[in-house]
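Participant: 3D, please:
(one chain, ligands or ions: 3)
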Amino acid sequence: MLVALLPGDGIGPEVLVEARRVLDAVLGDAITYEEAPVGGAAYHAAGHPLPDATLNLARRADAILFGAVGDPACDSLERALRPEQAILGLRRALGLFANLRPAKLFAELADASALRPEIARAIDLVIVRELTGDVYFGEKGRRETADGLRQGYDVMAYDEAEVRRIARIGFETARKRQRRLTSVDKANVLETSQLWRDVMIEVAADYPDVALDHLYVDNAAMQLVRAPGQFDVIVTGNLFGDILSDQASMCVGSIGLLPSASLDERGKGLYEPIHGSAPDIAGQGKANPLAAILSAAMMLRHSLGRAADADRIEAAVAAALAGGARTGDLGGTASTRAMADAVLAAL
Ligand SMILES: NC(=O)c1ccc[n+]([C@@H]2O[C@H](COP(=O)([O-])OP(=O)(O)OC[C@H]3O[C@@H](n4cnc5c(N)ncnc54)[C@H](O)[C@@H]3O)[C@@H](O)[C@H]2O)c1
Ligand SMILES: CC(C)[C@H](C(=O)O)[C@@H](O)C(=O)O
Ligand SMILES: [Mg+2]
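Facilitator: Ligands and ions are numbered 1, 2, ... in the order given. Next comes the predicted model:
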C-alpha cells in the first residue's frame, strides 16, 4: 500500500507528522509512504504549487494524505500559481468529486461547542459536498462594464450528470445511517440550484427507503446552529458545502477536529482536515492534530480496507479527549505533540 504524503504549508506539516506517528503505531510498516511538496512550499521550491512529480505521485498512490495549503506570501501571485490551486488541481485532476465531511460531537467536548451543550450533544451528521464543479470551476475572469468599471465574474454551473452522481453518494451515505437526506440549495434564486433540486427529486425515486427534504442554504445555516440534531446527511454543492462545513466544525467544538475524505468514482481518495494552513498559529506547536489524525482513520476505512484500525484510532481520539487532553482551540494548553501523544497513549 502506497500512501502519498503531501504536507503543504503552515500547520499542514505540523499536523501531518502527528497523523503519521499514529499510523505507524497502528500499522507498523504495512504502508509505504512517499512525500512530495505541494502548495506554497512547492511554489517556493519548484515554481509551481502542484508540480508534475507531486501530481504523478498522487496518481500512483493508493491513497493521499494531505495537510493544508495556503501562504500569505503568495496571495498576490497570479491565481494559477497560488497554493490553493494545488488542492483544487488535485481534486479536479483525480476526479475527487465526493467530499465527505462528518461532524459528530465527542461527548467530552459538549462544553467546547459554540452551542449550548444540550443542543450540541445531538450532533451526528455528514456533509456530502460536491467537489469538482460549481462556481469554483466555472469560467472566471475580469472584464470592463459598458461604463468602464472593472468587473469580476465567476460562472456557477452544474450539469445533471454531476448532480446525479453526488446525489447517489448522498443517498448511499444516508442509507448506511439514519436514512435522512437533506439537500441544500438556493433554488429560490439560482437556476443552477433549481436543476440541482430537480435532479435530487429524480434520483430519490431509486431510494424510497431514504427520506429526502430540501432547505435553502440560508435556512440551513440557521438550522445548523438552532437544532443541528435534526440532520443526518446533508448533500450540497461545492461552495455551500465549504461554508457549512466550517460552521459545523464550531458546532462540535473546533475546526481543528473535522476530517474529510474526497473520493473518485472508484473509491480512491484524498484525505485532509477541513481546516487550512492557519498562518496565525503556524510554527508555534499550537495546532490541533485531531482533524489530521481522524483523516488518517478515514483513509484506512475508505481506501485501505482497514476499518478495524480506523475504529481503533477513533476510539483513541475519544479516549484522549475523555482523559482531558485539549489544545488551545478546545480551551486547553496541550501542544500539537502532546495532543497526539495522548492519542498514542490511548491506542
Ligand atoms: N484544504 C486546504 O488546504 C485549505 C482549507 C482552508 C483554507 N486554506 C487556506 O489556508 C489559509 C488560511 O485560511 P483561513 O485562515 O481562512 O482558514 P484556516 O482554517 O487556516 O484557519 C481559520 C482559523 O482556525 C484556526 N485553526 C485552523 N486549523 C486549526 C487547528 N488544526 N488547530 C487550531 N486552530 C486551527 C486558525 O488558527 C484560524 O484562526 C488560506 O491560504 C486558505 O486559502 C486551505
Ligand atoms: C483552500 C480552498 C480551496 C478549500 C475549498 O474552498 O475547497 C478549503 O476551504 C477547503 O474547505 O478544503
Ligand atoms: Mg473550506
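
Participant: now do residue 310 against ligand 1, distance only.
Facilitator: 20 Å (CB to the nearest ligand atom, to the nearest Å). Where C-beta positions appear, they are placed from N, C-alpha and C, glycine not excepted.

Participant: could you do residue 131 as well?
Facilitator: 11 Å.

Participant: please name the nearest non-neighbouring residue to that residue.
Facilitator: residue 99 (4.2 Å; CB to CB, 6 or more residues apart in numbering).

Participant: let me know the average pLDDT across the strand or helix carrying the one you found.
Facilitator: Residue 99 belongs to strand 98-104 when assigned by DSSP states H and E. For strand 98-104, the mean per-residue pLDDT is 98.

Participant: quick one: distance of the helix or strand just after it to the chain centre.
Facilitator: Using DSSP H and E, the helix or strand that directly follows strand 98-104 along the chain is helix 117-120. Relative to the chain's own centre, helix 117-120 is displaced by 23 Å; criterion: CA atoms, centre = their mean, to the nearest Å.

Participant: could you give the separation of the helix or strand following helix 117-120 from the chain centroid?
Facilitator: From helix 117-120 onward toward the C-terminus, using DSSP H and E, the following helix or strand is strand 124-130. In terms of CA atoms, centre = their mean, the centre of strand 124-130 is set 9 Å apart from its chain centre.

Participant: parallel or antiparallel, list what pairs with strand 124-130.
Facilitator: strand 98-104 (antiparallel), strand 233-236 (parallel) (DSSP bridges).

Participant: quick one: the helices in the stretch 201-347 of the chain?
Facilitator: For the stretch 201-347 of the chain, applying DSSP state H, counting those that start in this stretch gives helices covering 217-226, 238-251, 290-302, 307-322, 336-346.

Participant: winner for burial among those helices?
Facilitator: helix 290-302 (a mean of 26; mean count of other CB atoms under 10 Å).

Participant: how far is the one helix or strand residue 199 maps to from where the chain is centred?
Facilitator: Taking DSSP H and E as the definition, residue 199 sits inside helix 191-204. Distance of helix 191-204 from its chain centroid, counting by CA atoms, centre = their mean, is 24 Å.

Participant: and for stretch 169-178?
Facilitator: For stretch 169-178, the distance to the chain centre is 18 Å (CA atoms, centre = their mean).

Participant: distance of the residue nearest to residue 131 relative to ligand 1?
Facilitator: With CB to the nearest ligand atom as the criterion, residue 99 and ligand 1 are 10 Å apart.

Participant: the spatially closest residue to residue 285 that is not a sequence neighbour and ligand 1, how far apart?
Facilitator: Of all residues not flanking residue 285 in the chain, residue 335 sits nearest, at 4.3 Å (CB to CB, 6+ apart). The gap separating residue 335 from ligand 1 is 11 Å, by CB to the nearest ligand atom.

Participant: contacting residues around the helix holding residue 199?
Facilitator: Contact with helix 191-204 is made by 134, 156-158, 160, 163-164, 167-168, 170-171, 183, 185-187, 210, 212, 214, 235, 237, as judged by CB atoms under 8 Å, 6 or more residues apart in numbering.

Participant: what residues does this protein put near ligand 2?
Facilitator: Counting by CB under 6 Å from any ligand atom, the positions of the chain adjacent to ligand 2 are 84, 87-88, 242, 274, 276.

Participant: looking at those, which is nearest ligand 1?
Facilitator: Checking those against ligand 1 by CB to the nearest ligand atom gives residue 276 as the nearest, at 2.3 Å.

Participant: right, and the closest one touches residue 67 too?
Facilitator: No - Residue 276 is beyond contact range of residue 67, at 9.8 Å (criterion: CB atoms under 8 Å).
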